[in-house]
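**Student:** Could you look at this predicted model? Sequence included:
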Amino acid sequence: MSVAVIRARTLSALGFLRLAAASCVALFLVVTSGAFVRLTGSGLGCENWPSCGDKPYPEQGFHAFVEFGNRMVALVGIVLTLVTWLASRRVAGLSGYARWGALAAFLVAAAQIPMGGITIALDLHPLAVMTHFLLGLAVVAFSVIVVLEAWSLVGGLATPAGSRWLRLVVTWIGLPVCAALVVTGAVATASGPHPGSSDDVERLGVAITETVYVHVRVAAAFGIGVLVAGWLLWRLRDTHPGIVRLWGLLLGVLVAQAILGEVQYRSALPWGLVLAHVFLAATIWSSSLALAWVLWRPPAALTRK
């Protein structure tokens, strides 16, 4: 749907939900394609940013095509966040959370453009690469909120789930621990054998054994928290069965991530497994945020068996 059409008429709730979901999927692909660039050593594949050599597009070379491909995927993601934000202003009854979330997603996604240039200008300094990645997860987070609010508009909004203290604990303890899990994972990757380019790239100067040591312990703390949350959320199985199913999804992905993490570490971190690990990390972050959000503002669909 073009921007002109969106500006000309009101968009239905279902149409906006589809648009928001498409934007969210695209942003997941942006995070994954960015990781693919790094793990294939293509981070400096295009010289003279924002061009790719002497021209705006790559002429030859695997690394150049990979880096340019990531730029195109990111461009699609940015355009979709822009269209989603514009569309949010044309949807009757849409919550302020969705409209502000859509605007935040677009602004942070747009900020990725100069951040990408800075990352290349700094020759893929690990702190710049980590910032680039974490900003990508922030965009995904905002897009998840927009999707959930759009879903509530389509099917209705139910009353908050569980007790207030449970919602506060999941939000203000669970989410920060999940964020720490993602950040320590990014630090571990920055200390690993994938600097992002075949050129000489500066590293963090911290042994991967040390960063993994911290990351594993944060993962254990988060895993225990997820189990405890599941025990508490089980009481909602009759009133909010969809929330319990969402928790089950989070637990399943977390178990798969733990197994994958152990296998990749013992296999000397092959880039394909690391790429899958990054995708699952984004899924865990999104699922955790979604779980915390729907405790406060559950779509009515989550109350049906």
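**Tutor:** Sure thing, it's come through.
**Student:** so residue 138 sits right up against residue 108, yeah?
**Tutor:** Yes. Residue 138 lies in contact with residue 108 (CB atoms under 8 Å); the separation is 5.3 Å. (C-beta placed from N, C-alpha, C; glycine too.)
**Student:** who has more neighbours, these two?
**Tutor:** residue 108 (22 against 17; other CB atoms under 10 Å).
**Student:** need the contact list for that one.
**Tutor:** Under the criterion of CB atoms under 8 Å, 6 or more residues apart in numbering, the contact list for residue 108 reads 135, 138-139, 142.
**Student:** Now it. Nearest residue, chain neighbours left out?
**Tutor:** Nearest non-adjacent residue to residue 108, counting by CB to CB, 6 or more residues apart in numbering: residue 139, 4.8 Å away.
**Student:** I'd assumed that neighbour was in a strand, is it?
**Tutor:** No. Judged by DSSP: H, G, I helix; E, B strand; the rest coil, residue 139 forms no part of a strand; its state is helix.
**Student:** Kindly tell me how buried it is, as a neighbour count.
**Tutor:** Using other CB under 10 Å: residue 139 sits among 27 other residues.
**Student:** any idea how far residue 269 is from the residue lying farthest from the centre of the chain?
**Tutor:** Distance to the chain centre peaks in the chain at residue 54, reaching 32.9 Å (criterion: CA atoms, centre = their mean). For residue 54, the distance to residue 269 equals 35 Å [CB to CB, to the nearest Å].
**Student:** Give me the below-cutoff pLDDT ranges for this protein.
**Tutor:** Filtered on pLDDT under 70, the chain yields the residue ranges 1-9, 53, 56, 59, 198-200, 202.
**Student:** per the record, what domains does it have?
**Tutor:** 1-155, 158-305 (automatic domain parsing).
**Student:** Now do the end-to-end distance for the shortest one.
**Tutor:** Read that as domain 158-305. 14 Å (CA to CA, to the nearest Å).
**Student:** would you say residue 124 is within a helix?
**Tutor:** No. Assigned with three-state DSSP, residue 124 falls outside any helix and is coil.
**Student:** so it makes contact with residue 42?
**Tutor:** No. Here residue 124 lies out of contact with residue 42, judged by CB under 8 Å, at a distance of 10.5 Å.
**Student:** Mind listing the shared neighbours of these two?
**Tutor:** Common neighbours of residue 124 and residue 42 (CB under 8 Å, 6+ apart) are 196-197.
**Student:** so what's the residue nearest to residue 108 up against?
**Tutor:** 27, 30, 77, 81, 105, 108-109, 112.
**Student:** Going through those residues, which ones are buried?
**Tutor:** Of the members of these, the ones counted as buried by neighbours, 16 or more other CB atoms under 10 Å, are 27, 30, 77, 81, 105, 108-109, 112.
**Student:** Turn these into CSV, including secondary structure and distance to residue 240.
**Tutor:** What follows is those, written out as CSV (DSSP: H, G, I helix; E, B strand; the rest coil; distance: CB to CB, whole Å):
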residue, secondary structure, distance to residue 240
27, helix, 27
30, helix, 32
77, helix, 32
81, helix, 30
105, helix, 26
108, helix, 30
109, helix, 32
112, helix, 35
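**Student:** any idea where the helices of the stretch 1-150 of the chain begin and end?
**Tutor:** 3-8, 13-39, 62-88, 96-121, 126-155 (DSSP state H, counting those that start in this stretch).
**Student:** which other helices and strands contact the third one?
**Tutor:** Going back to what we said before, that points to helix 62-88. helix 3-8, helix 13-39, helix 96-121, helix 126-155 (3 or more CB pairs under 8 Å, 6 or more residues apart in numbering; DSSP states H and E).
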